[in-house]
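Asks: fold the following for me, if possible:
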Amino acid sequence: MNNAELFARACRVLPGGVDSPVRAFRAVSGTPFFTERGEGAFLVDAEGNRYLDYVMSWGPLLLGHAPAAVVQAVREAAEHGLTFGTPTGRETLLAEEIALAAPHMQMMRLVNSGTEATMSAVRVARGFTGREKVIKFAGNYHGHSDGLLVRAGSGCLTGGVPDSLGEHARRTVQRPCGRRGTLLRQPRTDRLRHRRTRRRQYGRRSARRRIFAGASPPLRRTRRPAHFR
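Replies: Residues are numbered from 1 along each chain as shown. Prediction:
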């Protein structure tokens with residue numbers, strides 16, 4: 001089947017023919033291509049076309065598509081089970097690796113998507129500050145939870161509707177921050193010091209999120225406990 005046939009088939013069972021708004025091509029007036037496999041820095045679609053991949057699954061493919069060492073590690077892990085729904089020692093090891101690479105992240109919650117990360121960050125910020133309103137930048141996409149789809153740019157254009165129609169949209173402020181509240185933004189380490197000063201001045205709490213998936217970057221060599229090897 002070619003890309004057009006796969007898209008027509010997908011539209012019969014998936015809203016807009018995709019499983020995420022950011023995968024739709026409506027904003028650029030086209031039909032999405034359907035990936036068959038990934039090879040290093042390239043994607044290959046159902047018609048055999050090769051694309052240089054600048055997206056890399058939105059971040060986690062630090063080593064590219066299907067590197068041999070990662071594929072072998074996944075195979076070995078899969079032999080012990082794919083998912084459990086219980087705590088495991090390996091997730092603690094991953095959290096320790098992240099903390100070593102980013103010491104300011106003293107405590108963390110590992111989740112499956114950016115939407116979950118943002119929802120958790122908003123809940124923590126509201127609980128800590130006791131404030132209800134969230135401030136976001138117009139045009140930025142922070143996942144598809146209801147209130148954060150307000151003026152989310154191209155991230156929510158699958159159905160051609162640029163704003164959230166949900167009840168919680170009224171609690172999301174979309175203008176420059178003058179009142180006290182929680183500021184939602186993407187992390188920019190080169191500006192953290194300046195923004196900390198501004199937050200102290202205006203009494204805002206900033207919720208940062210970062211997605212970690214796959215292998216963590218080799219920023220620092222660590223010694224793994226023997227029982228996790």
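
Asks: point out where this protein drops to low pLDDT.
Replies: Counting by pLDDT under 70, the chain has low-confidence residues at 21, 27, 150-229.

Asks: could you pull out the helices for it?
Replies: For the chain, the helices defined by DSSP state H occupy 3-11, 68-78, 89-101, 114-129, 192-202.

Asks: so which elements touch the first one?
Replies: Using 3 or more CB pairs under 8 Å, 6 or more residues apart in numbering; DSSP states H and E as the contact definition, helix 3-11 packs against no other helix or strand. The C-beta positions use only the backbone N, C-alpha and C, and glycine is treated the same way.

Asks: now swap in the fourth one and tell me
Replies: Based on contacts counted as 3+ CB pairs under 8 Å, 6+ apart, the elements that helix 114-129 packs against are strand 134-136, strand 182-184, strand 205-207.

Asks: excluding chain neighbours, what is closest to Met108?
Replies: Ala95 (5.7 Å; CB to CB, 6 or more residues apart in numbering).

Asks: what about the one you found, neighbour count?
Replies: If you count neighbours by other CB atoms under 10 Å, Ala95 ends up with 16.

Asks: next: Trp58.
Replies: Number of residues near Trp58 (other CB under 10 Å) recorded here: 12.

Asks: go on, the one 10 residues further on?
Replies: Using other CB under 10 Å, Ala68 is surrounded by 8 other residues.

Asks: tell me the spacing between it and Leu94.
Replies: 21 Å (CB to CB, to the nearest Å).

Asks: same thing with Val28?
Replies: Relative to Leu94, and taking CB to CB, Val28 is found at 36 Å.

Asks: these two: which is more packed in?
Replies: Neighbour totals were compared for Val28 and Leu94, and Leu94 leads with 18 against 9 (other CB under 10 Å).

Asks: hang on, that one packs against Met108?
Replies: No: using CB atoms under 8 Å, Leu94 makes no contact with Met108, being 9.5 Å away.

Asks: show me how the chain divides into domains.
Replies: Here the domain parsing of the chain from automatic domain parsing is 3-52, 111-207.

Asks: out of the helices of the chain, deepest packed?
Replies: Comparing these on average neighbours per residue, with mean count of other CB atoms under 10 Å, the densest one is helix 114-129 at a mean of 17.

Asks: only alpha carbons, please: show it as PDB.
Replies: These are the backbone C-alpha positions of helix 114-129, laid out as PDB (Å, rounded to 0.1, in the frame of the first residue of the first chain):
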ATOM      1  CA  GLY A 114       5.200  15.200  27.300                       C
ATOM      2  CA  THR A 115       1.500  15.600  27.900                       C
ATOM      3  CA  GLU A 116       1.800  13.600  31.200                       C
ATOM      4  CA  ALA A 117       4.900  15.500  32.200                       C
ATOM      5  CA  THR A 118       3.200  18.900  31.700                       C
ATOM      6  CA  MET A 119       0.000  17.800  33.500                       C
ATOM      7  CA  SER A 120       2.100  16.600  36.400                       C
ATOM      8  CA  ALA A 121       4.100  19.800  36.500                       C
ATOM      9  CA  VAL A 122       0.900  21.900  36.600                       C
ATOM     10  CA  ARG A 123      -0.500  19.800  39.400                       C
ATOM     11  CA  VAL A 124       2.700  20.200  41.500                       C
ATOM     12  CA  ALA A 125       2.900  23.900  40.900                       C
ATOM     13  CA  ARG A 126      -0.800  24.500  41.800                       C
ATOM     14  CA  GLY A 127      -0.400  22.400  44.900                       C
ATOM     15  CA  PHE A 128       2.800  24.100  46.000                       C
ATOM     16  CA  THR A 129       1.600  27.700  45.300                       C
END
